[in-house]
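In: Give me the fold of what follows.
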Amino acid sequence: MSISANAFRWLDILEKEFDKAFVDLDLLLGEIDEDQSEITDDGRARMTTLSACFAQLTHKLQPISEANAKLE
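Out: Residues are numbered from 1 along each chain as shown. Take a look at the predicted model:
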């Protein structure tokens, strides 16, 4: 398997793992008592930031991987 194919496979696996962890964390935050909603709100705000950063990272990685695939 070529390096570029591995990069695309790695990116796909990473996205799936991130999505699963994100959903698991969101469910965990949902289990916090309503009287501690500040913790839940703060946690979800930070999850939003993490998600945006991850989306930007994968968005920028894809063209790099495509360019590497063309060079192979």
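
In: So what does Lys33 look like in phi/psi?
Out: Rather than Lys, residue 33 is Asp. Torsion angles at Asp33 (phi, psi; degrees, to the nearest 10) stand at phi -60, psi 150.

In: what sits against it?
Out: If you count contacts by CB atoms under 8 Å, 6 or more residues apart in numbering, Asp33 has none. The way it works is simple: take the backbone N, C-alpha and C, and place the C-beta from them, glycine included.

In: how far is the longest helix along the chain from where the chain is centred?
Out: When the chain is parsed with DSSP state H, its longest helix is helix 37-71. The chain centroid and the centroid of helix 37-71 are separated by 5 Å under CA atoms, centre = their mean, to the nearest Å.

In: Counting by contacts, list what it packs against.
Out: helix 3-30 (3 or more CB pairs under 8 Å, 6 or more residues apart in numbering; DSSP states H and E).

In: and the residue nearest to the spatial centre of the chain, what does it touch?
Out: Nearest to the geometric centre of the chain sits Phe18, at 4.0 Å (CA atoms, centre = their mean). Neighbouring residues of Phe18 by CB under 8 Å, 6+ apart: Phe54.

In: hang on, isn't Gly30 packed against Thr40?
Out: Yes. Using CB atoms under 8 Å, Gly30 is in contact with Thr40, at 7.4 Å.

In: the more surrounded of these two?
Out: The neighbour comparison of Gly30 against Thr40 (other CB atoms under 10 Å) goes to Thr40, with 17 against 9.

In: Now do the more buried one, the pLDDT please.
Out: Thr40 carries a pLDDT value of 94.

In: Ok, Glu66 next?
Out: 84.

In: Next one: the residue nearest to it when sequence neighbours are not counted from Glu15, what distance?
Out: Of all residues not flanking Glu66 in the chain, Ser4 sits nearest, at 7.9 Å (CB to CB, 6 or more residues apart in numbering). Going from Ser4 to Glu15 by CB to CB, to the nearest Å gives 17 Å.

In: Please apply the same query to Asp33.
Out: Taking CB to CB, one finds Asp33 at 32 Å from Glu15.

In: Check this structure for me, the residue farthest from its geometric middle.
Out: Of all residues in the chain (CA atoms, centre = their mean), Asp35 lies farthest out, 29.2 Å.
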